[in-house]
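Asker: Sequence and predicted structure, then a few things I'm wondering about:
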Amino acid sequence: MANLTAGKGWEKEIWRVEMDTPWVGGEDGTANVQAKQLAARTEYLKDFADEVEEAREGEKTLSARINKTGVEPMNILAKFGYVGDMPTAASTENVDVAKGGLVEMDGIALKVGDLAFLKNQDDARENGYWQVQTGAWNRFPGYTKSDADCFSYKFILLEKGDANSGKVFFLDKDVYGIDADALPFRESVFSPRSVPGKILLRDSNGLSDEDAKLDLALTTRGDMIEGYSRSLLDVFRVGTVAGAMEEIRRRCNNNGEIDGSKIPDFRGMRIGDYLDLASIDDGTTVYRWHEDYKNLRIVVSGFNHYKNAGNLENTDNNVLFTFRNCVTTMRMNPTNVNGGGWQYTELRKYLEGVFALGLKQALGDYLYPVRRLLANTVDHAWSNDTVFLPTEREVWGSLIWGESWDGGTPGQYPIFRETAYKSKRVNGSRHWWWCATPYTSSSFCIVSNNIYADNVGASAVGGVAPAFCVR
């Protein structure tokens, strides 16, 4: 006796046997048509029942499983991530998108092209991401009706705003169409900030406000800096120096958006964090990385140290770097004369010239020339410096051998509050190194190998551990 071959599917109608229907057996005979149709329905229902049984996970009913306390939250949260584009500002009331224009939203003056997050529209179908224009606004690219699931399981973090700063929102809906359906955005119980009633959450950079406070503590507590320095490749989770420099540029420029506030984002970075360069080629000499001597390690030495200083104001956000040890040894001048101070030395010409080109090749186009006020034994003058030696005041915090008119703009580098970083080495041994401050008409200030302030003649061969800023 053979069995029928049944399919799987929901047959909408079941064939009826009429009074005059010939009764024929076999696989496709009239006597078996109804049986095969009902068998297909049974197979379909069996699959559905199996899914329900699996979803119940031992509960008597599916409703009991769904309503069981504590079952689903961890599974749901595991699906969430941050939306790809964070808004410039979020709404607090209805906005006339047809009228549009450059309005102020939550205390933030919007510009053309800014991303505005609307969540309070009278017609909730208008909620979502909009691009600011001088006239009518348009849906922000990537978040239009053609972009399915663009808000699904996404956190929207507001970093600025009088009312919305620090708040996190999400779309409380699984199935929706932009422009077609209401988009109910809800405020989350999470926040990257310590807000009463909120659960602490890390932001898109992997930080919380508590981390930022810790970073501040680590940059100001001298007993922790040396041991807590980290490679910026690890800090930024990048694989190359070029990737790290691009991240610094992003952080200097308000996370990629340059606006009137010029507020940088240096969170997560610490004084003493470093990058190791493979080589620097000045066109004649190639300085190569040495693992034991760490001759090409550059360390974060200050944040916005020179910003707003200068007779021609240094306006850009920047990160100050110094070399951890001496790159090389050189003289200031061929003879014991300073010839008008640091600005006119042979060493400055080398650093600002071919060495700067080699450093730029190693880092990329990120070097930021800054204005500094420097003594010249007769008076003082402004200098435009790209790769330069720190002044005596920038090393020690005050003048010791240098002239009183050494401006030392604008004071001691944060990194040099620590004695360890004043100590420089050449091929593993401590070595004295040059400062940019003249002492007399024939000598310049130095940091001795025993870590005290001193001076030597300009023709002596001393260690060179330059500084530079990047933006």
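Answerer: Cool, the structure landed.

Asker: ranges for the helices of the chain?
Answerer: For the chain, applying DSSP state H gives helices covering 33-56, 62-67, 73-77, 209-220, 222-228, 232-236, 241-252, 346-350, 356-363, 392-396, 419-422.

Asker: Can you list the low-confidence ranges for the stretch 51-200 of the chain?
Answerer: Applying pLDDT under 70 to the stretch 51-200 of the chain flags the ranges 65-78, 194-197.

Asker: need the strands for it, in chain order.
Answerer: In the stretch 51-200 of the chain, the segments counted as strands under DSSP state E, counting those that start in this stretch are 81-82, 89-90, 104-105, 108-109, 115-118, 128-131, 138-139, 154-157, 168-171, 185-187, 190-191, 199-200.

Asker: As a markdown table, those strands with mean neighbour count and distance to residue 285 would be great.
Answerer: Placement of C-beta: from N, CA and C, glycine included. As requested, these are arranged in a markdown table below (neighbours: other Cβ atoms under 10 Å; distance: least, Cβ to Cβ, whole Å):
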| stretch | mean neighbour count | distance to residue 285 |
| --- | --- | --- |
| strand 81-82 | 13 | 46 |
| strand 89-90 | 25 | 52 |
| strand 104-105 | 16 | 55 |
| strand 108-109 | 18 | 51 |
| strand 115-118 | 23 | 48 |
| strand 128-131 | 22 | 51 |
| strand 138-139 | 16 | 55 |
| strand 154-157 | 20 | 48 |
| strand 168-171 | 21 | 53 |
| strand 185-187 | 16 | 59 |
| strand 190-191 | 20 | 53 |
| strand 199-200 | 12 | 51 |
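
Asker: now the ones you listed as JSON lines including distance to residue 330?
Answerer: Supplementary listing: these in JSON lines, determined by distance: least, Cβ to Cβ, whole Å:
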{"stretch": "strand 81-82", "distance to residue 330": "49"}
{"stretch": "strand 89-90", "distance to residue 330": "52"}
{"stretch": "strand 104-105", "distance to residue 330": "55"}
{"stretch": "strand 108-109", "distance to residue 330": "50"}
{"stretch": "strand 115-118", "distance to residue 330": "50"}
{"stretch": "strand 128-131", "distance to residue 330": "54"}
{"stretch": "strand 138-139", "distance to residue 330": "59"}
{"stretch": "strand 154-157", "distance to residue 330": "49"}
{"stretch": "strand 168-171", "distance to residue 330": "54"}
{"stretch": "strand 185-187", "distance to residue 330": "60"}
{"stretch": "strand 190-191", "distance to residue 330": "53"}
{"stretch": "strand 199-200", "distance to residue 330": "51"}
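
Asker: out of these, nearest to residue 15?
Answerer: strand 168-171 (46.7 Å; Cβ to Cβ).

Asker: what lines up beside that closest one in the sheet?
Answerer: The strands that strand 168-171 pairs with in its sheet are strand 154-157 (antiparallel), strand 185-187 (antiparallel) (by DSSP bridges).

Asker: Output it as CSV, restricted to C-alpha atoms.
Answerer: As requested, C-alpha coordinates have been extracted for strand 168-171 and formatted as CSV (Å, rounded to 0.1, in the frame of the first residue of the first chain):
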residue,chain,number,x,y,z
VAL,A,168,19.4,59.1,23.9
PHE,A,169,16.3,58.4,21.7
PHE,A,170,15.1,55.4,19.8
LEU,A,171,12.2,54.6,17.4
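
Asker: residues making contact with it?
Answerer: Residues from elsewhere that reach strand 168-171 (Cβ atoms under 8 Å, 6 or more residues apart in numbering): 80, 90, 117, 119, 151-158, 183-188, 190-192, 201.

Asker: same question, stretch 425-432
Answerer: Under the criterion Cβ under 8 Å, 6+ apart, residues 292-293, 295, 325-326, 329, 423-424, 446-450, 454, 456, 462-463 lie in contact with stretch 425-432.

Asker: For ChimeraX, what selects the buried ones among these?
Answerer: Written as a ChimeraX command, the selection of buried residues from the contacts of stretch 425-432, which uses 16 or more other Cβ atoms under 10 Å, is:
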select :293,295,325,326,329,423,424,446,447,448,449,454,456,462,463
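
Asker: Could you break this structure into its assigned domains?
Answerer: Domain ranges of the chain: 1-71, 79-204, 205-471, per automatic domain parsing.

Asker: Single out the most deeply packed of those domains.
Answerer: Most buried of the domains of the chain by mean neighbour count (mean count of other Cβ atoms under 10 Å) is domain 205-471; its value is a mean of 18.

Asker: what about it, distance to the chain center?
Answerer: Counting by Cα atoms, centre = their mean, to the nearest Å, domain 205-471 is centred 23 Å from the centre of its parent chain.

Asker: Relative to residue 315, how far out is the closest residue to residue 230 other than its chain neighbours?
Answerer: Spatially, and ignoring its direct neighbours in sequence, residue 230 is nearest to residue 273 (5.2 Å; Cβ to Cβ, 6 or more residues apart in numbering). Here the distance between residue 273 and residue 315 works out to 25 Å (Cβ to Cβ, to the nearest Å).

Asker: out of the helices of the chain, nearest to residue 303?
Answerer: If you check each of the helices of the chain against residue 303 by Cβ to Cβ, helix 209-220 wins as the nearest, at 8.4 Å.

Asker: any idea of the mean pLDDT for the closest one?
Answerer: For helix 209-220, mean pLDDT rounds to 54.

Asker: follow-up on the earlier one: tabulate the strands paired with strand 168-171 (CSV), appending distance to residue 165.
Answerer: Converted to CSV, these look like this (distance: least, Cβ to Cβ, whole Å):
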stretch, distance to residue 165
strand 154-157, 10
strand 185-187, 13
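
Asker: List the contacts of the closest residue in space to residue 410 that isn't next to it in sequence.
Answerer: Excluding its sequence neighbours, the residue lying closest to residue 410 (Cβ to Cβ, 6+ apart) is residue 309, at 4.8 Å. Residues counted as contacts of residue 309 (Cβ under 8 Å, 6+ apart) are 370, 371, 372, 409, 410.
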